[in-house]
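**Student:** Prediction below, plus the sequence it came from.
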Amino acid sequence: MQDEAYAIYLSKILHMDDVEAKQVLVPNFYLNAIKCMDEVDPQGSATIHYSLANFHHNQRKLLSAISHYNWARSLEPGYVEKDYFLNEVGGTLFFAGRYRLSSLVYERCNRLKPLARTAICAGDGPLYAGKFHLAENFYGQVLEIGSENDFELNEALLKAWLATNAPKSNAGHMVRGRRSDHADLEKHLAKAAETNDAYEGIVSALLIAFKDEGFVECWSNAISIALNFGEVELTLLVMSAATWRHGYEAYAPVREKLSSAAVPSDIISEIDELVHSLYARRKELASKGVTVRLAGQSYFDTTKLAQSNHPV
């Protein structure tokens with residue numbers, strides 16, 4: 001029975017400042033609670049396994065998280081009919097590099113509750129497993145499902161472009177669902193920069209950025225390469241994806257490079273206006289809540305654009 005004392009103690013250890021102690025105390029607490037619940041309330045035990053799985057995911061102990069999600073599912077089969085559970089399992093599998101399984105879980109989730117974000121996530125598994133045609137099909141579903149969030153629609157269009165063009169590039173041939181793929185792509189990106197190969201550069205940069213979407217430097221790099229690539233619609237989509245994740249922060253270092261490279265001020269102003277409009281839309285959607293690969297994460301920032309006359 002999860003009583004008030006249980007909730008108070010759990011809340012205390014979950015909010016501890018001592019990270020190392022928390023990493024020991026929280027799992028031990030959950031495991032002891034599971035032992036107590038196993039014989040008297042299997043469903044209650046399933047709930048605790050689920051909570052422990054979420055804790056392990058947040059600590060990036062992904063294999064442990066997967067194990068406890070499986071325990072939760074086995075003790076309470078109804079979990080596989082819950083879209084929130086499938087979203088969390090799908091995200092954990094993706095970050096663990098289990099791309100095929102991640103896509104299958106997201107696909108099931110999307111059948112239960114069709115959403116643009118879920119269809120995008122279902123496509124990401126095949127994308128990083130090198131199954132580009134399958135990924136493209138999922139991204140196409142996003143436009144059929146629709147979304148009030150135009151950033152999601154733009155992301156689907158950008159990833160569909162990536163799934164179409166990756167097989168034609170050397171960068172795409174490096175994506176095989178292996179841990180070494182990322183390092184190979186970074187080397188290939190560096191080589192593309194040396195040889196001024198914009199096509200290989202943009203494919204590599206996007207594959208890296210969407211995989212490590214929490215790292216602003218990846219998106220700054222993608223913006224720079226997209227601008228050099230010179231395809232206006234593609235650049236707009238890259239700007240949209242970068243601004244959705246990082247606000248002005250991804251564009252700020254790019255703008256500094258443009259200024260130092262003596263790019264005409266009217267061109268910089270046009271790019272500024274685009275980013276300002278994207279940021280304004282981002283703020284509007286932020287007030288309605290944000291859904292990313294896993295609930296509870298948000299990339300909204302308060303970084304101001306240098307030399308901007310527009311209020312944030």
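**Tutor:** Looks like it arrived, so ask away.

**Student:** contacts and neighbour counts: CA atoms only from here.
**Tutor:** Will do.

**Student:** List the residues that contact Asn196.
**Tutor:** Asn196 makes contact with no residue, according to Cα atoms under 8 Å, 6 or more residues apart in numbering.

**Student:** For it, give me phi and psi.
**Tutor:** phi 50, psi 40 (degrees, to the nearest 10).

**Student:** same check, this time on Val263
**Tutor:** Phi and psi for Val263, reported as degrees, to the nearest 10, are phi -70, psi 140.

**Student:** Low-confidence stretches in the stretch 51-200 of the chain?
**Tutor:** Along the stretch 51-200 of the chain, the parts satisfying pLDDT under 70 run over 179-180.

**Student:** show me where it has helices.
**Tutor:** Taking DSSP state H, counting those that start in this stretch, the helices of the stretch 51-200 of the chain run over residues 62-75, 83-95, 99-112, 116-128, 132-145, 150-165, 170-173, 181-194, 198-211.

**Student:** okay if I get those helices as CSV plus distance to Val26 and mean neighbour count?
**Tutor:** Shown next, in CSV, are the helices of the stretch 51-200 of the chain (distance: least, Cα to Cα, whole Å; neighbours: other Cα atoms under 10 Å):
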stretch, distance to Val26, mean neighbour count
helix 62-75, 13, 20
helix 83-95, 19, 23
helix 99-112, 27, 21
helix 116-128, 30, 28
helix 132-145, 38, 20
helix 150-165, 35, 21
helix 170-173, 41, 20
helix 181-194, 32, 16
helix 198-211, 29, 24
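
**Student:** Dump those to CSV, plus distance to Ser277.
**Tutor:** Below are these laid out as CSV (distance: least, Cα to Cα, whole Å):
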stretch, distance to Ser277
helix 62-75, 37
helix 83-95, 30
helix 99-112, 31
helix 116-128, 22
helix 132-145, 22
helix 150-165, 12
helix 170-173, 32
helix 181-194, 30
helix 198-211, 22
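
**Student:** and Val232, which of those is closest to it?
**Tutor:** With Cα to Cα as the criterion, Val232 lies closest to helix 150-165 of the helices of the stretch 51-200 of the chain, at 12.4 Å.

**Student:** now the closest one and helix 198-211, what's the angle there?
**Tutor:** 130 degrees (axes from the mean of the first three to the mean of the last three Cα atoms, to 10 degrees).

**Student:** by contact count, what packs against helix 150-165?
**Tutor:** helix 116-128, helix 132-145, helix 198-211, helix 232-246 (3 or more Cα pairs under 8 Å, 6 or more residues apart in numbering; DSSP states H and E).

**Student:** Tell me which residues of the helix or strand following the last one come out buried.
**Tutor:** Where DSSP states H and E defines the elements, the next helix or strand beyond helix 232-246 is helix 252-260. The neighbour-count check on helix 252-260 (16 or more other Cα atoms under 10 Å) flags Ala252, Pro253, Val254, Arg255, Leu258 as buried.

**Student:** Contacts only, for the closest residue to the fourth one other than its chain neighbours.
**Tutor:** To tie it back to what came earlier, the one meant is Arg255. Residue nearest to Arg255 in three dimensions, not counting chain neighbours: Ile268, with 7.5 Å by Cα to Cα, 6 or more residues apart in numbering. Contacts for Ile268 (Cα under 8 Å, 6+ apart) come out as Arg255, Leu258, Ser259.
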